[in-house]
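Asks: Take this sequence and fold it.
(2 chains)
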Amino acid sequence: MLTFVVRRVALMIPTLVMISIVTFVIIQLPPGDFLTTYVTNLSAQGEQVDPAEVAALRARYGLDEPLPTQYLTWIWGIISDGDFGRSFEWNRPVSGMIADRLPLTIVFMAATVVFTWIIAFPIGLYSAIRQYSITDYVATTIGFLGLAIPNFLLALALMWVGLNVFGQSSVGGLFSPEYQDAAWNLGKVLDLMGHLWVPMVVLGTAGTAGLIRILRANLLDELRKPYVVAARARGMPEPRLLLRYPMRVALNPFVSTIGWVLPVLIGGEVIVSSVLSLETTGPLLLSSLRSQDMYLAGSIILLVSVMTVVGTLISDLLLAWLDPRIRHRLA
Amino acid sequence: MSRSDVLLDVQGLKTHFTTDDGVVRAVDGMDLSISRGRTTCLVGESGCGKSITARSILQLIDPPGRIAAGRIWWHGGEETAEPTDLAALDPRGARMRAMRGADISMIFQEPMAAFSPMYTVGDHLVEAIQLHLPLSRKDATEKAVHLLGRVGIPRPDQRMHAYPFQLSGGMCQRVMIAMALACEPSLLIADEPTTALDVTTQARILDLLTELQDDTGMAMLFITHDLGVVAEIADDVSVMYLGTVVEEGSVTDVFDSPRHPYTQALIASVPRMGSRGDRARRLAAIEGIVPHPLQRPAGCPFHTRCHALIGDVCHERLPDLHSVDGGQLARCHLYDESVVDPGAGRAQLPLLPAAPVVTGDRPQPAPEDDRAPVLEVRDLTMHYPVKRGLLNRTVGHVRAVDGVSLAIQPGETLGLVGESGCGKTTLGRAIVRAIAPTSGQITYRGDNGAVDLAGLPDSELRGYRGQIRMIFQDPFSSLNPRMTLLQLLAEPFRNPALRRDRIDSEMEQRVADMLARVGLRPEYMRRYPHAFSGGQRQRVNIARALITTPRLVVADEAVSALDVSVRAQILNLLADLRDEYHLTYLFISHDLSVVEHLCDRVAVMYLGKIVETTTTAQLFDTPRHPYTEALLSAVPVADPHRRANRRGTRLSDDLPDPSAAPPGCSFHTRCPYVRADRCGTEVPLLRGVGTDHAVACHHAEALTLRGTTSTISTPN
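Replies: Residues are numbered from 1 along each chain as shown, chains lettered A, B, ... in the order given. Below is the predicted model:
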């Protein structure tokens, strides 16, 4: 098992290097570099730019060096002291901006994944053991509706529900105005929960629907396996049999969701967060892409990719831990 | 039989499945009684309802199936207690659950699949024990280790931590038996427990079951389609056909004088040791296949395949079970005095029509020095690296094939025999060049002279793909379910380079001819494989192999997955086609009884090496290698009278790890004749011992080994 973990982590390194190179290329794609943009911005505001200062900056950021050197400077800045470069649009270091928003994004993602599991697990289980019952059809229909309805539409609908049914004063954003700049306390956490459910449900529905289908199909396969009959023939009570035997095998897709659901969530999150004006990385990515704020955009892409790779790693390790077949094949 | 002797009494059981096509009456009026401490065999072909009967006893029928009628009286409770009707219990109720595993246990056909891959065998065992016995986890673990030792598993305390997929099929079946015996049941239901296993493993499992039964005094309901196994293990026999019992009686009565035509035909279809050398003889096979229960024939369900029809009554009325001469019961109008005039003398079952003898000039294999062999394999090796550790370094090799040399003459059939895992299949695949061998030569003599296939690149091999063909073991997974028979058979002729590569009418004609030749109707060519039974699919497999008119056919366990009756049909077909197309076969099997009928010569393989090779007759009469003797003695003989004298050589354990083969003679760890000198140190070479007989054993001359001559059964 240790060998497997070490090998799996070691294999991650080339992937991460590839990702950082692609990201760097994206940053470099627009014509000119960030200094020319900077100078243009300043000139547009009518300020005088001292050519000597530009030259000094140019030298400091190594913009006259060949591209590979620039890449190494950039990546070394990130690794050594978390320097992701500067955002032109906001004129702030990228690292600070991301640090503001990333924790909430991660909380949001984790909450969504957990929400997906909590909903999908019992429904999938039920619709498998009561295949072709009314409840199965209802769950299936709801699942397909969840898959088919576009996220933003659901977000708008839920915002309306929140406003008119629950009488929430503000449904957009993650905090009510009074907590916006407050320090963290219990009230702020509860307020966050009150706001988080809408995007969570919106983003969760699509994933839930997919998971219900996968779990149902997997379980239906497992329920017909000889070992289920064998366990029943040993006199095992039915609920225990279900949970201990077929369920255990059907759990695998749940664990792999960590890997594949992240990119899906990130894509969906951009739209949903924009509609709901959440202060996560999604809207930031959107606006930075629109304004060619390349260091900001590149950094977000880099971080999101790294998170996906790490998520896949975690789900792979969990799978190996849960499933002896995988563990022994890889040992 | 007094009332108290009966443990389980099934009366008029009907288990029906409601489907879209109608009600499938899988079990339809089944009567069966099992006596305490005795073994009752339920025998019949696939699709007769044997398993459904067994599962009905434990109420394990999945929807849409249900027990529609009948009673299952259980007399296994307290001595004074009233019998319980199991059919009336709630399938999900506590009483039924308490009986399962405690009073009645069950073991299954696929031992590996009957375990969840997520838990160790120890987990399974401890759980099964704790379900019914009030033991702590520690005590249950102790009992589990004890049980594993009792079913003959070496180092049981270590094996507790093994996952099922780390054990061989035979080992898994032993664990399954240990689990079934945990609560000392009164009845063990064994549903084809040895069908998926090698013959040698089967013999050991049967021995184990007999021994455990002697120890515990439990009764056993043993389900099988193989009458050889029945003769080995049964006290009483019930023959089942299409949901009802057609004959029942003691094992000796049933085998000595079968009363129902179906029983008679089943017994005849078992390959008998002693039919060798007579290539012209065919195996007796029952015509046709078991019809689907939805198409149950009116009247006697067997009349469509019966060789002893009496008249219209067979088509019109379902016969009752009639007692014959005070012996067994048979469901046949032949014994009904209102149908057959009792004055005309005792009812006699006509003899089974003798299997037709193939006459005509079938080309005998040419003498060895006369013609060059079609195929000559020299020093062939196939090694697979074993990789371990952080850097995936090669730490050893599995020597799947380790220096094999053999030759096949034109028109000859060479049998390749050995247990699972000894490298037979790898050798076969290397010969058809599905895999590239590590070293050695495979010289094939085709029409354009000899060529070494071992070194040819794929592009040049293409010309030989049509000349050397393969028939696969599993008729279900070897046919692409998305292709019709026409597409499957025409595939070798299609040219992927052409964009629009249509099957023309000439090709269709050719496929139709081939289908007809293997006994399938040409109209079937537009159907998909799922529409066919196992035996029919194997015919498709054969047709696919032969449609390119090959010279050499490698048949890899081509009949192992089939019922005994269907096996006989396919073996006959293979023999006929060999004569018709002048084929040369390499016939791979783990079962010597199958090889005997078809093959001219046999090569016995053990751990990647050939240990004995000679003519079929010599191998069966005077085997010279202890391994051959063990293989021979493992074949069940369809004669209950010879049970006592054939507990001969049994191989001790499963195959050693092929990546770490024992030093010296690789068989010495399991050899009953092992000697201190040479066996453990010196590798024996294949050497000649007498005419046309080579063996790799240091002490071949000094051993007197038992062949089959002393034990040829006389067909009644």
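
Asks: Count the residues that sit near residue 319.
Replies: I'll assume chain A. 20 (other CB atoms under 10 Å in any protein chain shown). All C-beta spots, glycine's among them, are computed from the backbone N, C-alpha and C.

Asks: Not quite, go with chain B.
Replies: Neighbours of B:P319 (other CB under 10 Å): 24.

Asks: Okay, and it sits in which element?
Replies: Assigned by DSSP states H and E, B:P319 falls within no helix or strand.

Asks: and stretch A:108-116, how far out from the chain's middle?
Replies: 9 Å (CA atoms, centre = their mean, to the nearest Å).

Asks: May I see the buried residues of that stretch?
Replies: Across stretch A:108-116, burial judged by 16 or more other CB atoms under 10 Å in any protein chain shown covers A:108-109, A:111-113, A:115-116.

Asks: Now do the strands in the stretch 101-250 of chain B.
Replies: Assigned strands in the stretch 101-250 of chain B, in chain order: B:104-107, B:187-191, B:219-224, B:236-241, B:244-250 (criterion: DSSP state E, counting those that start in this stretch).

Asks: Output the last one as CSV - backbone C-alpha positions only.
Replies: In this case it means strand B:244-250. Output of strand B:244-250 as CSV, limited to C-alpha atoms (Å, rounded to 0.1, in the frame of the first residue of the first chain):
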residue,chain,number,x,y,z
THR,B,244,-40.4,-33.0,-12.9
VAL,B,245,-38.7,-36.1,-11.7
VAL,B,246,-38.7,-38.8,-14.5
GLU,B,247,-36.9,-41.5,-12.5
GLU,B,248,-35.9,-42.1,-9.0
GLY,B,249,-34.2,-44.9,-7.1
SER,B,250,-31.0,-46.1,-5.5
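
Asks: what angle separates that strand from strand B:236-241?
Replies: 160 degrees (axes from the mean of the first three to the mean of the last three CA atoms, to 10 degrees).

Asks: Mind checking the pLDDT average for the helix or strand following strand B:244-250?
Replies: Downstream of strand B:244-250, the first helix or strand assigned by DSSP H and E is helix B:251-256. The average pLDDT for helix B:251-256 rounds to 89.

Asks: any idea of the pLDDT on B:I712?
Replies: Confidence score, pLDDT, at B:I712: 41.

Asks: for the strands of the stretch 101-250 of chain B, which one sits closest to B:T708?
Replies: Nearest of the strands of the stretch 101-250 of chain B to B:T708, taken as CB to CB: strand B:219-224 at 22.2 Å.

Asks: which neighbours does the closest one have in its sheet, and in what orientation?
Replies: Strand B:219-224 sits in its sheet next to strand B:39-43 (parallel), strand B:187-191 (parallel), going by DSSP bridges.

Asks: Buried residues, stretch B:6-14. List them.
Replies: Buried, per 16+ other CB under 10 Å, within stretch B:6-14: B:6-11, B:13-14.

Asks: close to chain A, is it?
Replies: No. Judged by CB under 8 Å from any CB of the partner chain, stretch B:6-14 makes no contact with chain A; its nearest approach is 15.3 Å.

Asks: okay, that stretch in PDB with CA atoms only?
Replies: Extracted as PDB, the C-alpha positions of stretch B:6-14 are listed here (Å, rounded to 0.1, in the frame of the first residue of the first chain):
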ATOM      1  CA  VAL B   6     -37.100 -38.800   5.900                       C
ATOM      2  CA  LEU B   7     -35.500 -35.500   6.500                       C
ATOM      3  CA  LEU B   8     -37.000 -33.400   3.800                       C
ATOM      4  CA  ASP B   9     -40.000 -34.200   1.700                       C
ATOM      5  CA  VAL B  10     -40.900 -32.100  -1.300                       C
ATOM      6  CA  GLN B  11     -44.400 -32.800  -2.600                       C
ATOM      7  CA  GLY B  12     -45.900 -31.400  -5.800                       C
ATOM      8  CA  LEU B  13     -43.600 -28.300  -5.800                       C
ATOM      9  CA  LYS B  14     -44.400 -25.800  -8.500                       C
END
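
Asks: so how far is A:W197 from the residue in the stretch 401-550 of chain B positioned nearest to chain A?
Replies: The minimum distance from the stretch 401-550 of chain B to chain A, using CB to the nearest CB, falls at B:F476 (15.6 Å). Distance, B:F476 to A:W197, by CB to CB, to the nearest Å: 50 Å.

Asks: can you check A:G210 too?
Replies: 20 Å.

Asks: Which one's more surrounded, the two?
Replies: Each of A:G210 and A:W197 has its neighbours counted (other CB under 10 Å); A:G210 has more, 20 against 16.

Asks: wait, what's in contact with that one?
Replies: By CB atoms under 8 Å, 6 or more residues apart in numbering or on different chains, the contact set of A:G210 is A:L147.

Asks: what about it, which helix or strand?
Replies: helix A:186-223.

Asks: ok, residues contacting the next helix or strand after that helix?
Replies: Once the chain leaves helix A:186-223, the next helix or strand it forms, by DSSP H and E, is helix A:226-233. Residues from elsewhere that reach helix A:226-233 (CB under 8 Å, 6+ apart): A:222, A:238, A:241, A:244-246, B:55, B:58, B:60, B:100-101, B:105-106, B:108-110, B:113-116, B:176.

Asks: Please list the members of these that lie in helices.
Replies: The helices, defined by DSSP state H, take in A:222, A:238, A:241, A:244, A:246, B:55, B:176 from the contacts of helix A:226-233.

Asks: A:Y126: what's its closest spatial neighbour, skipping adjacent residues?
Replies: Among residues not flanking A:Y126 along the chain, A:T135 sits closest, at 6.3 Å (CB to CB, 6 or more residues apart in numbering or on different chains).

Asks: Make sure that neighbour is actually in contact with A:A128.
Replies: No. Shown here, A:T135 and A:A128 do not form a contact pair, counting by CB atoms under 8 Å, at 11.2 Å.

Asks: Compare these two (neighbour count), which wins?
Replies: Between A:T135 and A:A128, A:A128 has the larger neighbour count (other CB under 10 Å), namely 23 against 11.

Asks: Return the per-residue confidence for the closest residue to chain B within the stretch 1-150 of chain A.
Replies: Proximity of the stretch 1-150 of chain A to chain B (CB to the nearest CB) peaks at A:T3, 5.4 Å away. What the model reports as pLDDT for A:T3 is 79.

Asks: Then B:H322?
Replies: pLDDT at B:H322 comes out at 84.

Asks: Give me the contacts around stretch B:563-572.
Replies: Applying CB under 8 Å, 6+ apart, the set of residues contacting stretch B:563-572 is B:45-46, B:225-228, B:265-266, B:269-271, B:282-286, B:289, B:355, B:519, B:533-535, B:538-539, B:542, B:558-559, B:562, B:594, B:597-598.

Asks: actually stretch B:57-69, not the one I wrote
Replies: Under CB under 8 Å, 6+ apart, the answer for stretch B:57-69 is A:224, A:229, A:232-233, B:8, B:10, B:12-19, B:26, B:52, B:55-56, B:72, B:86-87, B:89, B:91, B:96, B:99-100, B:104, B:106, B:189, B:221.

Asks: Now list the buried members of the residues you listed.
Replies: A:229, A:232-233, B:8, B:10, B:13-17, B:26, B:52, B:55-56, B:72, B:86-87, B:89, B:91, B:96, B:99-100, B:104, B:106, B:189, B:221.

Asks: If anything else comes up later, I'll come back, but that's it for now.
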